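Asker: no sequence on this one, just coordinates:
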Ligand SMILES: Cc1ncc(COP(=O)(O)O)c(C=O)c1O
């Protein structure tokens, strides 16, 4: 079969963390390994009611092919969401996608030739790197600290590798949980303009905020020269099974992405879009977002408290002021991947950090999610980890 594969297919990489994520299904294991929202946050009854209604009363839309750009009223709603994040846009600037994961694939397909270089944060989201690898791109890492991308590193790497794109997740990044400061966002855009590359701003976590003073204003809000391709998603605030994400980009690029999307799936699922459209048009999203924030805020507090109790002298971690993750750094000589079997035998699971670093670093790090377990199990699980990690 190998000889029939395309060049791109030869570069496909299986997700290095999916295997670990399987551990989340054993009830004896307290799992901080997942990367998914809690089903407890899904408004299932409302979704069931809406689904039944749109199927019965609006089958010519909900069960039919639809516009590639997306349901017009939903595009309009999404444009409003983006304006609330500081982005100057209207429905005509929006392309609905089958989750923001499809947005990453469409962008990679539309912009990347084999060998083109994409800059990614150290660490970064594996679904992003998969999309770029799948188009035979080369990846180069740029340093991140607690304020976000380190400008000196970005400038130095960009000068060296001449990238076409930077992929960044400024709000409560997966996996680091970090929030990039506004000053850093401005510096990143300045360097992008100087070195002339485009920026993918992936923002699925911006609404999951647990503190009062987090400034999540989009980078695209200061995008005077149309360099930023902004991605959003309903996955983390509503339900990821309703595959609804979106792209806001410059008109010429959006037109190309629309053609790429026609080739990929003609249109995103119309039933999914109809459900999200009905939910949002009824004005229910703000209350849903508040509910989701409340749900995670308490769990996040429990996890951070437990880390303080057990790890204050031997690790550091990100505050997780939003999103679903805290990222823990242990002593340099600890290899978290090698310790996974011990942790699992001890009844606790996490995701080792190295797969998130394209430069092979990060062996002493791990990603913990507070999304899945209840308070008691979070406390117990961090206690178990403390007994296992040296
Ligand atoms: C940073 C980031 N981008 C994109 C996605 C994909 O989300 P979706 O396709 O459900 O919108 C995820 C999912 O975990 C993510 O963490």
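Answerer: Here it is on my side, so go on. Just so you know, these numbers come straight off a predicted model, no measurement behind them.
Asker: what mean pLDDT does the longest helix that the chain contains have?
Answerer: Using DSSP state H to define each element, the chain has its longest helix at helix 285-311. Helix 285-311 shows a mean pLDDT of 97.
Asker: The helix or strand that that helix is followed by: which residues count as buried?
Answerer: Counting by DSSP states H and E, the next helix or strand C-terminal to helix 285-311 is strand 315-317. Buried residues in strand 315-317, defined by neighbour count with 16 or more other Cβ atoms under 10 Å: 315, 317. The way it works is simple: take the backbone N, C-alpha and C, and place the C-beta from them, glycine included.
Asker: what's strand 315-317 packed up against?
Answerer: Packed against strand 315-317 by the contact rule (3 or more Cβ pairs under 8 Å, 6 or more residues apart in numbering; DSSP states H and E) you find helix 285-311, strand 325-330.
Asker: elements contacting the longest helix of the chain?
Answerer: Where contact means 3+ Cβ pairs under 8 Å, 6+ apart, helix 285-311 is packed against strand 315-317, strand 325-330, helix 375-388.
Asker: Looking at the ones you listed, which is nearest to the ligand?
Answerer: For the ligand, the closest of the helices and strands packed on helix 285-311 is strand 325-330, at 8.9 Å, according to Cβ to the nearest ligand atom.
Asker: Identify the residues contacting whichever residue of the stretch 1-150 of the chain sits closest to the ligand.
Answerer: Of all residues in the stretch 1-150 of the chain, residue 99 sits closest to the ligand, at 2.5 Å by Cβ to the nearest ligand atom. The contact partners of residue 99, by Cβ atoms under 8 Å, 6 or more residues apart in numbering, come to 233, 235, 240, 243-245.
Asker: wait, isn't residue 316 in contact with residue 328?
Answerer: Yes - the criterion here is Cβ atoms under 8 Å, and residue 316 meets it with residue 328 at 7.4 Å.
Asker: Tally up the residues packed near residue 221, please.
Answerer: The tally of other residues near residue 221 (other Cβ atoms under 10 Å) stands at 17.
Asker: Use 540 as the first number for this chain going forward.
Answerer: Got it, the first residue is 540 from now on, which makes the last one we talked about residue 760.
Asker: Find the nearest non-adjacent residue to it, please.
Answerer: residue 625 (2.9 Å; Cβ to Cβ, 6 or more residues apart in numbering).
Asker: Those residues of the stretch 590-739 of the chain touching the ligand, which are they?
Answerer: For the stretch 590-739 of the chain, the contact set with the ligand under Cβ under 6 Å from any ligand atom comprises 638-640, 664, 666, 708, 713.
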